[in-house]
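Peer 1: Sequence and predicted structure below; questions after.
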Number of protein chains: 2
Amino acid sequence: MDDLAGMGRVTLQRLALELGLSTATVSLALRDSPVVADGTRIRVQEVARERGYVANRGAASLRTARTNIIGVGLHDIINPSFTELLAALEDSLSIAGKTILLGVGQEDVARQTRTLGTLAEYRPDAFVVSPAIDTTVPDLRALAKSGIAVVQVTREVEGSGFDFAGSDDEAGLALAVGHLVELGHRRIALIGGFDSASTGRRRTAGYRAGLAQHGLPFDPTLWIPGRGTREHGRLAVERLLALDAPPTGAVCFNDLCAFGALMGIQAAGLRAGTDFSIVGYDDIGEAALWHPALTTVFTRIPEYGAAAADLVLARIADPTRPVERVVLTPRLVVRASAGPPKPFPQKPLPRP
Amino acid sequence: MDDLAGMGRVTLQRLALELGLSTATVSLALRDSPVVADGTRIRVQEVARERGYVANRGAASLRTARTNIIGVGLHDIINPSFTELLAALEDSLSIAGKTILLGVGQEDVARQTRTLGTLAEYRPDAFVVSPAIDTTVPDLRALAKSGIAVVQVTREVEGSGFDFAGSDDEAGLALAVGHLVELGHRRIALIGGFDSASTGRRRTAGYRAGLAQHGLPFDPTLWIPGRGTREHGRLAVERLLALDAPPTGAVCFNDLCAFGALMGIQAAGLRAGTDFSIVGYDDIGEAALWHPALTTVFTRIPEYGAAAADLVLARIADPTRPVERVVLTPRLVVRASAGPPKPFPQKPLPRP
């Protein structure tokens, strides 16, 4: 297209000519300068938009090419953890004058590609993406075409070469296992976890690492893989309690499946923290509301959300800066859903 | 701007000249016609975009002016009911070739205006909006500027003159009250409800209407107004149980505050459905997972979401068609969280 790019290009000079204004006035108006009268500024920006004016990226006028839109692509919005993440992103980015438009991937690469591809046509300054499962490096690189910055959050596609902000998922799950071991548990289950995203792989690895750190064997019957949903947590507890040698407690892929596990424990006539122990993962707001309140691992979503926003702004300001990864260390939050183990095997109470 | 609009306008003719193609080829390429070779089509569309080509809205080429973007503005995405709504909208609209971009209002008119205003600059074919509390008719009309269709969903701003799809909120709450009355309850609380949105006003009115239909008085101490959150539900139950003459059951503004109420009942050492009855509102997926499972009112979100999508497509096709309101009749879903009342006053069980 280079041979065509110069022909008929909408330049600052042409806009100025069309508007009957000086190029300086047009330039200032495009930068929202207060020295330009409101009416003039609005008129300039309107005509510039109509003509498809794009500032020369090589020149000092680079800033005027910005749309101040940040495209956010989350693989899931059912999980309130993503709402907390979105709030953190929006708090930081709106201070910098950016507006967030959200494309929802719904854990589907094709849908993610279509939605974010549509957003890309409108030239956001950057994308912040928590990639859907099975997203590949080329999928992410396609978003970065035309110079749009890309920052990964929560999840990352290894080897993509894009900035990332998230939590140390392996350390976090090992922390959860360690807490149950300290309480006296030896048969500890993992509810959730999967191979098709970095979070799934690392949290599963953290579970195994936590067991190994305490000399406990990995027993495949105690891992109920699956997505981090309430439904999965509830079903997983049913399966674990039906085992010949059930565990005395479980760590979870996230808080959502921990809530489902709490429902399942109650439905079985057992009491969480007394008859069966549960440790969640994330510490979203709902965790403290439960009875018993959920013992969980705080992944510091608001902090890594703010870090992702900082990475976005830094990347926009300097596209050539070195790739940066911000990986926060999670913290255990002890509440009431995990306690010392009951003698094995569990005796379900009669159903109410 | 009319005096400028003709000058230097990027016309089909100019694009054709620049590209060295016939106007027919350019026109076909812009319409994604399969008769144009892929390379040519991509080149034409790229140059058209670069030059800011906008098809003449008066002519037969109107269709090419469509962006196939639908801007969706939801006042809240924490509530899974909105995720279910979004899925219904997306299912219907993606079949019609539309892509959804989501602006999140977070119950804040200023934020809603900023986010949807940014979206509006990119000329979506339509907005689907569940307006934030205190949204005014002028707020909504501002979105409809430049001919963008506006359809309201779930909530509506009365007198705005825009299409609407939602549920009959007054009938729905009356249905919930009626169910508790049939079970034998006479002191029935309302958890949640507020004056600053149509849903809040209508559900509160439905509660009063339900009481009146059964000859029961409205007792202001039994209404705990507030937002539809888990936090509010949990706190509201604590307040209700602390009353000198507590109610024997409660209907709720939505399922989320019903879940919070279930947590509060459990924390008080009581059992929902046996010691205290709860009826939710919406029937989101989580309702059936609880133990006891939530008795609730199904507001038919997937159906009115699909209806909203139909209204959008009809409005885009014919901007002058009469305003249409689709109001679905909700249905009671009996599960286990509501039963016959315990003799008043409640005796909390000792805490476990």
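Peer 2: That came through fine. What you see is a predicted model; the values in this text were computed from it and never measured.
Peer 1: Buried ones in stretch A:131-141, by neighbour count?
Peer 2: A:131, A:132, A:133, A:135, A:139, A:140 (16 or more other Cβ atoms under 10 Å in any protein chain shown). (Glycine included, C-beta is placed from N, CA and C.)
Peer 1: If we check chain B, which of the residues you listed are in contact?
Peer 2: The subset of the buried residues of stretch A:131-141 within reach of chain B, by Cβ under 8 Å from any Cβ of the partner chain, is empty.
Peer 1: Among the residues you listed, which one sits closest to chain B?
Peer 2: When the buried residues of stretch A:131-141 are compared for distance to chain B (Cβ to the nearest Cβ), residue A:132 comes out closest, at 14.4 Å.
Peer 1: Could you look up the SS state of the closest one?
Peer 2: Put simply, residue A:132 is coil when judged by DSSP: H, G, I helix; E, B strand; the rest coil.
Peer 1: how close does it sit to residue A:155?
Peer 2: 9 Å (Cβ to Cβ, to the nearest Å).
Peer 1: Pull up the overlap in contacts between the two.
Peer 2: The overlap between the contact sets of residue A:132 and residue A:155 (Cβ atoms under 8 Å, 6 or more residues apart in numbering or on different chains) consists of residue A:75.
Peer 1: which parts of stretch A:312-330 are buried?
Peer 2: Buried-residue list, stretch A:312-330, by 16+ other Cβ under 10 Å: A:312, A:313, A:315, A:316, A:326, A:328, A:330.
Peer 1: Next, the residue lying farthest from the centre of chain A: phi, psi?
Peer 2: Using Cα atoms, centre = their mean, the residue of chain A lying farthest from its centre is residue A:20. It sits 48.0 Å away. The phi/psi pair for residue A:20 (degrees, to the nearest 10) reads phi 70, psi 30.
Peer 1: ok, now residue A:283?
Peer 2: As for residue A:283, its main-chain torsions (degrees, to the nearest 10) stand at phi 60, psi 60.
Peer 1: That one - nearest residue in space that isn't next to it in sequence?
Peer 2: Spatial nearest neighbour of residue A:283, excluding adjacent residues (Cβ to Cβ, 6 or more residues apart in numbering or on different chains): residue A:298 at 3.9 Å.
Peer 1: ditto for residue A:66
Peer 2: residue A:125 (5.2 Å).
Peer 1: isn't the one you found right up against residue A:72?
Peer 2: No - Residue A:125 is not in contact with residue A:72 according to Cβ atoms under 8 Å; the separation is 11.9 Å.
Peer 1: Comparing these two, which residue is more hemmed in?
Peer 2: Neighbour count, other Cβ atoms under 10 Å in any protein chain shown: between residue A:125 and residue A:72, residue A:72 has more, with 30 against 21.
Peer 1: beta partners of that one?
Peer 2: Beta-bridge partners of residue A:72, counted by DSSP bridges, are residue A:102, residue A:128.
Peer 1: show me the contacts for it.
Peer 2: The contact partners of residue A:72, by Cβ under 8 Å, 6+ apart, come to A:86, A:89, A:100, A:101, A:102, A:103, A:127, A:128, A:129.
Peer 1: try 7 Å
Peer 2: Shown in contact with residue A:72 (Cβ atoms under 7 Å, 6 or more residues apart in numbering or on different chains): A:86, A:89, A:100, A:102, A:128.
Peer 1: Residue A:132 too?
Peer 2: Contact analysis of residue A:132 by Cβ under 7 Å, 6+ apart lists A:75, A:105, A:107, A:108, A:109, A:112.
Peer 1: quick one, what contacts the first one?
Peer 2: Spelled out, it's residue A:75. Residue A:75 neighbours (Cβ under 7 Å, 6+ apart): A:105, A:107, A:130, A:131, A:132.
Peer 1: just the strands in the stretch 1-150 of chain A please.
Peer 2: Taking DSSP state E, counting those that start in this stretch as the test, the strands found in the stretch 1-150 of chain A are A:69-74, A:99-104, A:126-130, A:149-153.
Peer 1: In a markdown table, list those strands along with mean pLDDT.
Peer 2: Formatted as a markdown table, the strands of the stretch 1-150 of chain A follow (pLDDT from 0 to 100):
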| stretch | mean pLDDT |
| --- | --- |
| strand A:69-74 | 90 |
| strand A:99-104 | 81 |
| strand A:126-130 | 95 |
| strand A:149-153 | 97 |
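Peer 1: Tell me which of those lies nearest to residue B:118.
Peer 2: For these, proximity to residue B:118 was assessed by Cβ to Cβ; strand A:99-104 is nearest, at 4.3 Å.
Peer 1: Not counting its own residues, what contacts that closest one?
Peer 2: A:68-74, A:77, A:89-90, A:93, A:115-116, A:119, B:86, B:101-104, B:114-115, B:118-119.
Peer 1: distance of residue A:252 from chain B?
Peer 2: 15 Å (Cβ to the nearest Cβ, to the nearest Å).
Peer 1: Need phi/psi at that residue.
Peer 2: Given degrees, to the nearest 10, the pair of backbone angles that residue A:252 has is phi -120, psi 150.
Peer 1: Distance check, residue A:337 against residue A:260.
Peer 2: 13 Å.
Peer 1: quick one, helices of chain A?
Peer 2: Listed in chain order, the helices of chain A (DSSP state H) span A:2-5, A:12-19, A:23-30, A:38-50, A:80-95, A:109-121, A:137-143, A:169-183, A:198-213, A:230-241, A:255-267, A:301-317.
Peer 1: got these as JSON lines, with mean pLDDT columns?
Peer 2: Listed next are the helices of chain A as JSON lines, based on pLDDT from 0 to 100:
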{"stretch": "helix A:2-5", "mean pLDDT": "31"}
{"stretch": "helix A:12-19", "mean pLDDT": "78"}
{"stretch": "helix A:23-30", "mean pLDDT": "74"}
{"stretch": "helix A:38-50", "mean pLDDT": "81"}
{"stretch": "helix A:80-95", "mean pLDDT": "88"}
{"stretch": "helix A:109-121", "mean pLDDT": "83"}
{"stretch": "helix A:137-143", "mean pLDDT": "91"}
{"stretch": "helix A:169-183", "mean pLDDT": "98"}
{"stretch": "helix A:198-213", "mean pLDDT": "98"}
{"stretch": "helix A:230-241", "mean pLDDT": "97"}
{"stretch": "helix A:255-267", "mean pLDDT": "97"}
{"stretch": "helix A:301-317", "mean pLDDT": "96"}
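Peer 1: Pick the most deeply packed of the ones you listed.
Peer 2: Highest mean neighbour count among those (mean count of other Cβ atoms under 10 Å in any protein chain shown): helix A:255-267, with a mean of 27.
Peer 1: Identify the residues contacting it?
Peer 2: Against helix A:255-267 from outside (Cβ under 7 Å, 6+ apart): A:79, A:191-192, A:228-234, A:236-238, A:250, A:252, A:272, A:276, A:278, A:280-284, A:286-287, A:290, A:294, A:296, A:337, B:289-291.
Peer 1: could you flag which of these are buried?
Peer 2: A:79, A:191-192, A:228-234, A:236-237, A:250, A:252, A:272, A:276, A:278, A:280-284, A:286-287, A:290, A:294, A:296, A:337, B:289-291.
Peer 1: surely residue A:19 meets residue A:48?
Peer 2: No - assessed by Cβ atoms under 7 Å, residue A:19 is found out of contact with residue A:48, at 9.0 Å.
Peer 1: Dump the C-alpha coordinates for stretch A:297-306 into CSV.
Peer 2: The C-alpha coordinates for stretch A:297-306 follow below in CSV (Å, rounded to 0.1, in the frame of the first residue of the first chain):
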residue,chain,number,x,y,z
VAL,A,297,-5.7,-17.1,48.9
PHE,A,298,-5.7,-13.4,48.0
THR,A,299,-4.3,-13.1,44.5
ARG,A,300,-4.2,-9.3,44.8
ILE,A,301,-6.4,-8.6,41.8
PRO,A,302,-6.8,-4.9,42.5
GLU,A,303,-3.0,-4.5,42.7
TYR,A,304,-2.2,-6.5,39.5
GLY,A,305,-5.1,-4.7,37.7
ALA,A,306,-3.5,-1.4,38.5
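Peer 1: And for the residue nearest the centre of chain A, nearest residue in space, chain neighbours not counted?
Peer 2: By Cα atoms, centre = their mean, chain A has its centre lying nearest to residue A:154, at 3.7 Å. Excluding its sequence neighbours, the residue lying closest to residue A:154 (Cβ to Cβ, 6+ apart) is residue A:130, at 4.4 Å.
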